[in-house]
Each structure stands twice: as C-alpha cells, then as structure tokens.
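> Compute the structure for the input listed below.
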Amino acid sequence: MKTKLLLHSVMVSGLLLSACRSPEISSVLPEVTEPEAWLTPVSTEEKLAAKELAVWWTQFDDEMLTQLVQRCLDENLNLKNAAARVEEALGLRGISAGEQVPQVNAAGGIFETQLSELEAGVPDYNYTGYSVGFDASWELDLWGRIRKSVDAADANVQASIEDLRGVRALIAAEAVSGYITLRELQLRQVLAIENIVRQQETLDLTRGRFDAGLVPKLDVNQAMQNLASTEASLPILRQMEMETLRALEILAGYVPGQLQAELSKADDVPVVAQAKLASIPANVLRRRPDIRALEQRLYAAALRVGVAQADLYPRISLSGAFAWQADDAGNLFDSNSISSSWGPSIFIPIFQGGRLRSQVDVAESRALQAELTYKQQVLEALGEVEDALFAYQQENERLAKLREGVVAGEATVVQVRSLYENGLVTFLNVLDAERNLAALQDSAAASLGQSSRNLVSVYRVLGGGWDAPEFDAPVKAVVQERVDVSENEAILTVMDIVDGVITFNVSSYLQYTRIEEGSAPLSSQLVVDVAKVQDAESAKVMGAVMPGERIRLAWTEVKVTEEDDSFVEAVVYDAELLSSPSP
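Purely as a prediction, here's the structure:
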C-alpha cells in the first residue's frame with residue numbers, strides 16, 4: 001500500500017507541474033515526418049482504444065496472468081526505485097524554485113571585544129556586545145534566469161515521471177512474456193511425455209516382434225535410441241521452466257519459491273483470439289513514455305541555454321538588514337539600539353576569462369544532443385512498431401503451417417505403425433514418423449508461445465501499459481480440496497430465513513450413506529445458502545419456502561479444505577415442498 005501511495009503521489013505531482021509548465025515546449029521540438037499508415041497491413045477492425053491499451057494484457061483473458069501483472073506492478077523493486085527518482089527530481093525542483101522568493105535569515109549572538117590601547121585610547125579596554133536581527137535579499141529576475149531554471153526543473157520532474165511510466169510498461173511486458181514462456185515450456189513437457197508414451201509403446205511392439213523372430217535386434221536398438229532421445233529433452237525443459245519461474249518471482253519482488261504452488265501446474269498458453277492493434281503511427285509518439293521523456297529533456301536543455309545566456313548580463317538584487325545591538329543585555333531592545341540598512345546591489349560580470357561564454361556553448365551543445373537523441377528515438381520507435389507487427393504476422397503464418405504439419409504427422413504415425421505391424425514397411429519409416437511428429441509438436445508449441453510474445457512486443461512498442469490503473473492488492477488464489485463424505489436425504493422444517501440463508505431442523509432422515517471417513521455425525525440442523533444452490537429447480541423451490549414449511553432435501557455432504565482451514569458444506573441437488581406452514 002505504501003508503494004502505491006508513493007507512485008500515486010509522484011504521478012499527481014507531475015501532473016500538477018506539467019499543468020503549470022510553459023507551453024513553449026512545442027516550439028523546441030523538431031519536426032519528424034510520420035507515415036500515414038503502417039507498412040504491415042492492419043485491418044480496420046483491429047483498433048484498440050487507449051483505455052484498452054492501458055491494460056492490454058487483459059486481452060489474453062487469463063485471470064492468473066492478470067493477477068501476476070498486478071503483483072509485479074505493486075511490488076517490483078525497480079519500479080519503487082523509479083518512484084524514488086521522481087521524488088529526487090521533485091526535491092531538486094524545490095531547490096530551484098527557492099530562488100524565486102526573497103531569502104530571509106535571522107541571526108543573534110553575544111561577543112566579547114577587546115581593543116588595543118592605540119585603538120581605544122585607553123589601556124585594557126574591552127566590552128561585551130549583544131546582537132539580534134535578520135537580513136533579507138531578493139534577486140530581480142530581469143533576464144529570466146531563475147524562471148527558466150525552475151521550468152527546466154519542472155521538465156526534469158516530468159521526464160522522471162515518464163521514466164517511471166516506462167518502467168511500469170516494461171515490467172508489465174516482461175511479466176506477460178515470462179508467463180507465456182512458462183506456459184509454453186509446460187506445454188512442451190506435456191507433449192514430450194505424450195511422445196515418450198507413444199515411443200515406449202513402439203519399443204514394446206518392436207520387442208514383441210523381435211521375440212517372435214519377425215524383426216532384427218537393430219529395430220529394438222533404434223526404438224530404444226529414439227525413446228532415450230525424447231526422454232533426454234525433459235530435464236532441459238524442466239530447467240528452463242524453473243529459470244522462468246524464478247525470473248517471474250524476482251520480477252514480482254518475491255523470494256524464490258513463492259509462486260511455485262500457483263504456477264507449477266500446467267495450463268494453456270495465453271493467446272488472443274482476435275488481436276486489436278492500433279493503426280495510427282502518431283499514437284506511438286504521443287503514448288510512448290521514452291519519447292515523452294526525451295521531449296521533456298529536450299525542453300529542459302533548451303531552457304538551460306537561456307539560463308546560461310542570462311549569466312552574461314548583470315544581476316540586480318535588493319537587500320536589507322535590521323538588528324538590535326547593545327553592550328548591555330537589558331538595553332538590547334531599546335529604540336536607540338536599532339540599526340538597519342537596505343538598498344539595491346548590482347553584480348556585473350566584466351571579465352571571466354571566457355567562462356560564461358563557454359557555459360553558453362556547452363548548454364547549446366547539450367541542447368543539440370538532446371534534439372538529435374529525440375529524433376533518433378522517434379525513428380527507432382517507428383521502426384520497432386513495424387518490426388513487431390511484421391514479426392507477429394509472420395509467426396502466425398508459421399504457426400498455421402506447423403499445426404497443419406502436426407495433424408498430418410499424427411495421421412502418419414497411426415498409418416505407418418499399422419503398416420509396420422503388418423510387415424509392409426520397415427522400422428525406419430516408424431522412426432522417421434515419430435521423430436517428425438515430436439519435432440513438429442515441439443515446434444508448434446514453441447511457435448504458439450512466440451506468437452503471443454510477439455503480440456506482447458507489439459503492445460509494448462505501441463506504448464501500452466504505462467497508464468494502467470492502480471490495482472488493489474490482488475486476492476491470493478485459494479486452493480480448495482473438496483471431498484464428498486456422505487449422501488443424505490431427509491424431511492426438514494424451515495426454522496429461519498435471513499438474507500437467503502435458510503436454517504432447517506431435521507425431522508427424520510430418509511437416507512444416509514457414508515462415502516469417506518471424516519463425515520460429521522447425523523445432525524439435527526442444516527444451514528443452506530440458497531444463492532450457492534446450483535440445481536435450478538431446487539433453488540427455485542427453496543427460494544419460495546416460508547418458516548414452518550416442511551421440505552424434502554437431498555444433498556451431498558462435502559468436506560472443503562483451504563490451507564489450514566476446513567469446513568463441511570451441503571450441496572443440495574433435489575428439493576420438494578411437502579406442506580405449508582402450520583396455522
């Protein structure tokens with residue numbers, strides 16, 4: 001929660017500062033030619049609103065993925081570090097802004113003075129003095145030196161906020177890519193195990209034919225070789241899975257092992273059925289935090305040229321002092337103890353050895369560097385979008401062909417095994433078919449993951465994710481273990497109904513069957529939440545009952561275990577109203 005408050009505070013501070021910033025930034029930004037459309041065709045249906053682009057990962061429709069991204073955005077240490085840099089920039093801005101107002105200082109002291117005989121005219125002359133007062137000074141910002149310094153500091157604050165947004169976008173993209181890779185590796189293991197089972201069956205078949213004298217020992221050895229090769233791929237996939245899982249834990253600010261229980265079970269590779277892509281290149285320039293940060297840094301560099309130029313001109317300040325001074329503490333605040341002075345002062349840089357002119361040259365050079373960096377980054381951003389769109393398109397085409405190959409490969413394996421069993425083909429045909437199928441399945445699984453990762457890259461280079469809303473702390477997924485322990489049927493009387501929760505008294509049991517150990521003893525009372533009754537007819541009957549009515553219920557007693565807690569739940573699947581309430 002503290003991290004979220006910090007991120008929120010620095011974002012708000014940046015918005016307030018940007019609202020006060022001079023609109024002259026547009027005058028220092030260089031013109032960049034933007035294409036009217038992407039080279040890679042994007043259909044008109046594939047347009048994504050800014051609101052959707054902010055949380056693009058929800059397009060994958062994977063609740064666990066969404067929760068993981070939320071955790072990373074809440075707990076990632078690099079994000080906290082970026083937020084701290086914003087606080088630093090705000091502090092530096094405060095230092096610059098302090099020069100805009102008068103500087104007031106107070107001072108006081110007690111001093112012992114001893115004068116020489118020549119100075120005082122008498123030997124051993126000394127006295128004790130007391131002084132209390134204050135002084136003030138204020139530089140008149142005639143040439144805009146201070147104002148431009150503050151504006152440059154404002155731009156630096158905004159740039160640091162854009163850096164923070166960039167870190168947010170990067171963390172979201174890395175979390176989604178890592179999760180996709182994890183699911184891809186798990187799928188490849190599942191497919192490898194299926195191929196191991198298939199190849200083990202082939203080995204058993206070959207051994208049987210060898211024992212019958214139908215095939216040579218060579219066939220058995222080749223089958224064993226093929227099986228061992230496939231089995232050898234599993235440890236590598238498991239290692240890659242664990243490395244990916246550890247990287248996700250670090251990204252979420254967790255110690256190794258904290259996501260093991262939640263993510264170790266294989267699940268589908270996240271895919272987007274119909275990817276929605278933005279089709280206006282200008283959106284990249286407006287949305288990408290890295291571009292926006294460079295805009296602010298270019299603006300700040302241009303302002304610092306004005307600061308350096310202002311140092312070439314005289315500085316005029318107003319200053320004054322007011323104090324009480326006396327040689328006796330009792331007389332310190334008398335009217336005749338007052339001393340004061342005030343007036344303007346001027347500082348004129350007459351000869352500085354070329355230092356001030358060199359400062360202007362340095363500032364202009366840095367502004368030029370900032371401009372060239374900005375132009376280069378804009379070109380690279382446009383190129384990144386084109387590359388990402390094209391890569392996504394091409395990988396989808398590759399995936400489609402691989403899937404066709406898998407379908408054909410599966411049919412080939414079935415056919416060639418049948419032919420081999422009948423002695424119509426050699427074992428080499430079986431080996432080739434099984435190897436090709438395993439390779440095609442693994443390549444298709446890898447391509448499926450790569451296609452989704454390429455889509456992640458598209459969303460990232462389009463600037464998605466930096467303005468994602470602050471999420472509440474994600475609710476930890478609760479793993480439930482449900483065990484049916486008994487079947488029940490009884491006649492019951494409705495005793496009480498509160499907010500859809502009905503309390504019954506059991507009049508008599510019609511049936512009781514123990515399924516598992518741990519079943520509770522026969523109870524004289526039953527509590528059921530009608531909203532949780534899944535059988536529609538039973539829910540309708542129970543929703544209309546009144547206190548005092550008799551009803552027949554059939555239910556399964558289920559023992560539910562959640563971590564260290566366990567309770568018994570009644571799952572009603574049949575209900576029949578028997579009588580109206582007694583008068």
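
> I'd assumed Val528 was in a helix, is it?
No. Assessed with DSSP: H, G, I helix; E, B strand; the rest coil, Val528 is strand; it does not lie in a helix.

> how about it, what does it touch?
Val501, Ile502, Phe504, Met542, Leu553, Trp555, Ala570, Val572 (C-beta atoms under 8 Å, 6 or more residues apart in numbering). Quick note: C-beta positions are derived from backbone N, CA and C, even for glycine.

> For ChimeraX, write a command that selects the buried ones of the residues you listed.
Buried residues among the contacts of Val528 (16 or more other C-beta atoms under 10 Å), as a ChimeraX selection:
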select :502,504,542,553,555,570,572
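
> Just put the contacts of Val528 in TSV and tack on pLDDT, distance to Asp268 and secondary structure.
Below are the contacts of Val528 laid out as TSV (pLDDT from 0 to 100; distance: C-beta to C-beta, whole Å; DSSP: H, G, I helix; E, B strand; the rest coil):
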residue	pLDDT	distance to Asp268	secondary structure
Val501	88	37	strand
Ile502	90	39	strand
Phe504	89	42	strand
Met542	87	37	helix
Leu553	91	38	strand
Trp555	87	34	strand
Ala570	87	33	strand
Val572	90	33	strand
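
> will you turn the contacts of Val528 into a markdown table that also has distance to Asn226?
As requested, the contacts of Val528 are exported to a markdown table (distance: C-beta to C-beta, whole Å):
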| residue | distance to Asn226 |
| --- | --- |
| Val501 | 61 |
| Ile502 | 62 |
| Phe504 | 63 |
| Met542 | 60 |
| Leu553 | 58 |
| Trp555 | 53 |
| Ala570 | 54 |
| Val572 | 54 |
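
> can you give me the strands in the stretch 401-550 of the chain?
Assigned strands in the stretch 401-550 of the chain, in chain order: 480-498, 501-514, 525-529, 550-562 (criterion: DSSP state E, counting those that start in this stretch).

> Tell me which residues of the second one come out buried.
It refers to strand 501-514. Judged by neighbour count using 16+ other C-beta under 10 Å, the buried positions of strand 501-514 are Ile502, Thr503, Phe504, Val506.

> Show me how the record splits this structure into domains.
Domains of the chain are assigned by automatic domain parsing as 1-100+144-313+357-475, 101-140+315-348, 480-579.

> ok, now which ones touch Ala247?
Taking C-beta under 8 Å, 6+ apart as the test, what Ala247 contacts is Gly178.

> Now for it, which secondary structure element holds it?
helix 217-251 (DSSP states H and E).

> so who does the residue nearest to Leu92 when sequence neighbours are not counted touch?
Nearest non-adjacent residue to Leu92, counting by C-beta to C-beta, 6 or more residues apart in numbering: Ala153, 5.9 Å away. Ala153 is in contact with Ala89, Leu92, Arg93, Ile95, Ser96, Ala97, Ala300, counting by C-beta under 8 Å, 6+ apart.

> Generate the PyMOL command that creates a selection of the buried members of these.
Entered in PyMOL, the line below selects the buried ones among the contacts of Ala153, by 16+ other C-beta under 10 Å:
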select buried, resi 89+93+96+300
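
> Just name the closest of the contacts of Ala153 to Gln189, please.
When the contacts of Ala153 are compared for distance to Gln189 (C-beta to C-beta), Ala89 wins out at 46.8 Å.

> Who are the contact partners of that closest one?
Ala153, Asn156, Val157, Ala159, Ser160.

> any chance of the residues you listed in a markdown table, with secondary structure, pLDDT and distance to Tyr392 too?
Converted to a markdown table, the contacts of Ala89 look like this (DSSP: H, G, I helix; E, B strand; the rest coil; pLDDT from 0 to 100; distance: C-beta to C-beta, whole Å):
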| residue | secondary structure | pLDDT | distance to Tyr392 |
| --- | --- | --- | --- |
| Ala153 | helix | 89 | 41 |
| Asn156 | helix | 89 | 36 |
| Val157 | helix | 90 | 36 |
| Ala159 | helix | 90 | 31 |
| Ser160 | helix | 90 | 32 |
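
> got any ranges where this protein has weak pLDDT?
1-52, 115-125, 274-286, 466-480, 516-521, 562-564, 580-583 (pLDDT under 70).

> partners of whichever strand or helix holds Ser340, with directions?
According to DSSP H and E, Ser340 maps onto strand 338-347. Strand pairing for strand 338-347, determined by DSSP bridges: strand 315-326 (antiparallel).

> Let's see the strand it pairs with as CSV, backbone CA atoms only.
Output of strand 315-326 as CSV, limited to C-alpha atoms (Å, rounded to 0.1, in the frame of the first residue of the first chain):
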residue,chain,number,x,y,z
ARG,A,315,22.3,40.7,-11.7
ILE,A,316,20.4,43.2,-9.6
SER,A,317,19.3,42.3,-6.0
LEU,A,318,17.5,44.1,-3.3
SER,A,319,18.9,43.5,0.2
GLY,A,320,18.4,44.8,3.7
ALA,A,321,19.2,44.2,7.3
PHE,A,322,17.6,45.1,10.7
ALA,A,323,19.1,44.4,14.1
TRP,A,324,19.2,45.3,17.8
GLN,A,325,22.8,45.9,19.1
ALA,A,326,23.8,46.9,22.6
